[in-house]
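Asks: Dropping the sequence and predicted coords here.
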Amino acid sequence: MGKKTYVFPGQGKKFGRAELELLARNQKELKMADEILGFSVTDIIKDRPEDTGKTEYAQPIGYLTSCLYYRELTDKEGTPDFVIGHSLGELCALTAGGYMDLEKGLDLVRQRGRIMATADGGSMLAVMGRNFDEIMEAIRAVASDEIDIANYNSPFQIVISGPEEPIAEAEKKIAEKGLRTVKLKVSGAFHSRYMKTACDEFKKIISDFSFDKGNEVKVMSSVEPLLYQENVPAILGEQIVKPVRWIESIESLIDMDSYDFVQVDGGHTMIDMIDNIKFARALRGRQG
């Protein structure tokens, strides 16, 4: 029987009625969060929904709600064998894996969001195509040396990151080649060299952070396709500036006999990516 993996989404998730109902069911944690964050999470979601797209709000709200969804999911469906998170979701995964509790994790994410929010002026662009090689060829043909690859999301979607003008020019040229693009709603060039200052500041914060030893749930990194052990600060410290290697990490989980993936909030964005990775893997197997 295959093993089960619970998946945490990254920044970019929308918050609405379902999250308000989730928070209402978890009043103790909501009160704790409001005190740590210095703002009312429910007021932001209800009265200032436009602010939920801002990094300094999106990250702590995303972390809090994902961790609460995970708790409810495990109560209903049981504990998974593995967890993995995409970008911000990796900190949720580390909480699920017992490396930090909800309170300490929320404060760490609060600081991460604040730091990343100051690194504005950049842009991110998702590029979609028929296969990995087609996308990479198009990116190499049009992208300047100012652009980095930020996310290897699936064989059919790669995200590039960089300053506004080079990304806008790349978007135009890639569209001319017939590939579909989507501009991501983020405030900076995340997972690129342009986050180095933010990365250095975050490293200083986690150097003083006391991580726990973890529990029975294994945490797969999306920065390096390997399991977290005693290497939490080393991997997490580079996460802001390094690309998300989602394809390799999911492939590694499949190699560990994990075929059942569940997104903790009931969504499908991460699962769609994983299904595409599975499809490309099966196709390779038939061709081989």
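Replies: Nice, I can see it. Numbers count the residues shown, from 1 in each chain.
Asks: Identify each buried residue in the biggest helix by length in the chain, please.
Replies: Looking across the chain with DSSP state H, the single longest helix is helix 55-77. Neighbour-count burial for helix 55-77, counted by 16 or more other Cβ atoms under 10 Å, picks out 55-71, 73. Every residue, glycine included, has its C-beta placed from N, CA and C.
Asks: Kindly report the same for stretch 266-278.
Replies: Under 16+ other Cβ under 10 Å, the buried positions of stretch 266-278 are Thr269, Met270, Met273, Ile274, Asn276, Ile277, Lys278.
Asks: Please tell me how far the first one sits from Ser154.
Replies: In this structure, Thr269 lies at 11 Å from Ser154, with Cβ to Cβ, to the nearest Å as the measure.
Asks: Over to the fifth one?
Replies: Separation of Asn276 from Ser154 (Cβ to Cβ) stands at 4 Å.
Asks: Where do the strands of the protein begin and end?
Replies: 3-8, 82-85, 122-128, 148-154, 157-163, 180-183, 218-220, 258-263 (DSSP state E).
Asks: quick one: which of those strands is nearest Lys14?
Replies: Closest approach to Lys14 among these (Cβ to Cβ): strand 258-263, 14.1 Å.
Asks: residues contacting Pro225?
Replies: Residues in contact with Pro225 (Cβ atoms under 8 Å, 6 or more residues apart in numbering) are Arg245, Glu248, Ser249, Glu251, Ser252.
Asks: So which of these is surrounded by the most neighbours?
Replies: Ser249 (24 neighbours; other Cβ atoms under 10 Å).
Asks: That residue contacts Tyr228, doesn't it?
Replies: No. With contact defined as Cβ atoms under 8 Å, Ser249 does not count as touching Tyr228 (11.5 Å).
Asks: shared neighbours of the two, which are they?
Replies: Joint contacts of Ser249 and Tyr228 (Cβ under 8 Å, 6+ apart) are Met220, Ser221.
Asks: can you give me phi and psi for the nearest residue to Tyr6 once chain neighbours are set aside?
Replies: What sits nearest to Tyr6 in space, not counting adjacent residues and going by Cβ to Cβ, 6 or more residues apart in numbering, is Pro80, at 4.4 Å. Backbone torsions for Pro80, taken as degrees, to the nearest 10, come to phi -80, psi 170.
Asks: okay but Pro80 is in contact with Asn215, surely?
Replies: No. If you go by Cβ under 8 Å, Pro80 and Asn215 don't touch, sitting 11.6 Å apart.
Asks: domain assignment for this structure?
Replies: 3-118+193-287, 122-183 (automatic domain parsing).
Asks: mind putting the ones you listed in a markdown table, mean pLDDT included?
Replies: Shown next, in a markdown table, are these (pLDDT from 0 to 100):
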| stretch | mean pLDDT |
| --- | --- |
| domain 3-118+193-287 | 95 |
| domain 122-183 | 94 |
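Asks: returning to what we had before: any idea how far the longest helix of the chain is from the middle of the chain?
Replies: 13 Å (Cα atoms, centre = their mean, to the nearest Å).
Asks: so what secondary structure elements neighbour that helix?
Replies: Helix 55-77 sits against strand 3-8, helix 17-24, helix 27-37, helix 41-47, helix 89-96, helix 102-117, with contacts defined as 3 or more Cβ pairs under 8 Å, 6 or more residues apart in numbering; DSSP states H and E.
Asks: Go ahead and produce PDB holding the CA coordinates of that helix.
Replies: Taking C-alpha atoms only, helix 55-77 is exported to PDB below (Å, rounded to 0.1, in the frame of the first residue of the first chain):
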ATOM      1  CA  THR A  55       3.100  39.600   1.500                       C
ATOM      2  CA  GLU A  56       3.200  40.900   5.000                       C
ATOM      3  CA  TYR A  57      -0.400  39.700   5.500                       C
ATOM      4  CA  ALA A  58      -0.600  36.900   3.000                       C
ATOM      5  CA  GLN A  59       2.200  34.900   4.600                       C
ATOM      6  CA  PRO A  60       1.100  34.800   8.200                       C
ATOM      7  CA  ILE A  61      -2.600  34.300   7.300                       C
ATOM      8  CA  GLY A  62      -1.600  31.600   4.900                       C
ATOM      9  CA  TYR A  63       0.600  29.900   7.500                       C
ATOM     10  CA  LEU A  64      -2.100  30.000  10.200                       C
ATOM     11  CA  THR A  65      -5.000  28.800   8.200                       C
ATOM     12  CA  SER A  66      -2.900  26.000   6.500                       C
ATOM     13  CA  CYS A  67      -1.700  24.700   9.900                       C
ATOM     14  CA  LEU A  68      -5.300  24.700  11.200                       C
ATOM     15  CA  TYR A  69      -6.600  22.900   8.100                       C
ATOM     16  CA  TYR A  70      -3.800  20.300   8.600                       C
ATOM     17  CA  ARG A  71      -4.900  19.800  12.200                       C
ATOM     18  CA  GLU A  72      -8.500  19.200  11.200                       C
ATOM     19  CA  LEU A  73      -7.500  17.000   8.300                       C
ATOM     20  CA  THR A  74      -5.400  14.700  10.500                       C
ATOM     21  CA  ASP A  75      -8.200  14.500  13.100                       C
ATOM     22  CA  LYS A  76     -10.500  13.200  10.300                       C
ATOM     23  CA  GLU A  77      -8.100  11.300   8.100                       C
END
